[in-house]
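Colleague: Need a 3D model of the following:
(4 chains)
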Number of protein chains: 2
Amino acid sequence: MRSRTNQVSGVAEMLVLRCLSEREMYGYELVQAVRELSNGELDMRESLLYPLLHGLMADGCLGRKATVANGRQRLYYRLTAKGRRRLEAMIEEWRGMVKAVNRVIG
Amino acid sequence: MRSRTNQVSGVAEMLVLRCLSEREMYGYELVQAVRELSNGELDMRESLLYPLLHGLMADGCLGRKATVANGRQRLYYRLTAKGRRRLEAMIEEWRGMVKAVNRVIG
DNA sequence: TGACCATACCTCTGGCGGAAAGGTATTACA
DNA sequence: TGTAATACCTTTCCGCCAGAGGTATGGTCA
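Modeller: As a prediction, this is how the structure comes out:
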């Protein structure tokens, strides 16, 4: 299937970008944020999240800041301008795809 | 990502089952039906469709009837009871997933 | 004290959905 | 006669994502 580009899935990336558009977050926090915001319906795996974060960094969509809290390392990620643009594009894509699928299933 | 089972994607299968829930159709017809019903937004590739149809047959979700029209072979597929149950489950799954994602993106 | 869970980062492997590309045969039409 | 549409199909490859596991620190409870 192809909606327009490629994003029938790729939902995970959109959700990460969306969470970070509100405020900086670190990885472990993102996993829980997605779970809580979706009322436990969505389960972001760390094996998906971390490669995703690294990829988005490499693409210039995210920046990162290292801190320490309670003796534990924390890597806070924040959206760049490019990341924000990508988020907007993905949300638009998402809404279009959902609308199209809903038209078919009635 | 995981919504509940695995169907963040798998949208193609749902759409095929949905089309066939209205009436029997053959493969080539399904490609166009999805395109037209979605106003050209969704593009079902044949390389995805045919393996999908064969898999659904093997799973007992579809039955098939061979005919000839205008000298061309046509293989009409129809939903079995099992296929109908699967369709209902997938639609429910789909709606839940969309709702969950929309909660996150707001 | 030692066991165990939560926090916090990460990697490797492999399956499967799906895109790209191409193949075969018949009919319709310019 | 050659090109497009109809109608079926396969092979190849990539990226998303789950499963499983690994490392280290801090807090809690027996």
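Colleague: and A:G60, helix, strand or coil?
Modeller: coil (DSSP: H, G, I helix; E, B strand; the rest coil).
Colleague: which residue sits closest to it, ignoring its sequence neighbours?
Modeller: A:K82 (5.1 Å; C-beta to C-beta, 6 or more residues apart in numbering or on different chains). (Glycine included, C-beta is placed from N, CA and C.)
Colleague: what do you get for A:A66?
Modeller: A:L75 (5.6 Å).
Colleague: any idea what that neighbour is structurally, helix, strand or coil?
Modeller: Applying three-state DSSP: A:L75 is strand.
Colleague: How about the one 10 residues further on?
Modeller: Assigned state for A:R85: helix (three-state reduction, three-state DSSP).
Colleague: residues in contact with the residue positioned nearest the centre of chain A?
Modeller: Nearest residue to the geometric centre of chain A (C-alpha atoms, centre = their mean): A:V16, 1.7 Å. Counting by C-beta atoms under 8 Å, 6 or more residues apart in numbering or on different chains, A:V16 makes contact with A:30, A:34, A:44, A:49, A:52-53, A:56.
Colleague: host element of A:G63?
Modeller: strand A:62-69 (DSSP states H and E).
Colleague: helices and strands around that strand, which ones?
Modeller: Packing contacts for strand A:62-69, counted by 3 or more C-beta pairs under 8 Å, 6 or more residues apart in numbering or on different chains; DSSP states H and E, involve helix A:46-58, strand A:72-79.
Colleague: Dump these into a markdown table; add mean pLDDT as well.
Modeller: Shown next, in a markdown table, are these (pLDDT from 0 to 100):
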| stretch | mean pLDDT |
| --- | --- |
| helix A:46-58 | 95 |
| strand A:72-79 | 96 |
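Colleague: Burial check on A:N102, number of neighbours?
Modeller: Neighbours of A:N102 under the rule other C-beta atoms under 10 Å in any protein chain shown: 13.
Colleague: how near is it to chain B?
Modeller: 8 Å (C-beta to the nearest C-beta, to the nearest Å).
Colleague: ditto for A:L49
Modeller: Relative to chain B, and taking C-beta to the nearest C-beta, A:L49 is found at 10 Å.
Colleague: Ok, A:L15 next?
Modeller: For A:L15 relative to chain B (C-beta to the nearest C-beta), the value is 5 Å.
Colleague: neighbours around that residue, how many?
Modeller: 26.
Colleague: which SSE is A:R18 in?
Modeller: A:R18 belongs to helix A:11-22, assigned by DSSP H and E.
Colleague: That helix and DNA strand D in contact?
Modeller: Yes - shown here: helix A:11-22 in contact with DNA strand D (C-beta under 7 Å from any atom of the strand) through A:11-13.
Colleague: Tell me the residues of chain A that contact chain B?
Modeller: A:1-4, A:8-9, A:11-12, A:14-15, A:18-19, A:34, A:37-39, A:41-45, A:48, A:91, A:94, A:96-101, A:103-106 (C-beta under 8 Å from any C-beta of the partner chain).
Colleague: Okay, and which of those map to helices?
Modeller: Among the residues of chain A next to chain B, the members falling in helices are A:11-12, A:14-15, A:18-19, A:34, A:37, A:48, A:91, A:94, A:96-101, A:103-105 (criterion: DSSP state H).
Colleague: Any idea how many residues pack against the nearest residue to A:D59 once chain neighbours are set aside?
Modeller: Leaving aside its chain neighbours, A:D59 sits nearest to A:K82 (7.5 Å; criterion: C-beta to C-beta, 6+ apart). By other C-beta under 10 Å, 13 other residues sit near A:K82.
Colleague: Nice, that's everything, thank you.
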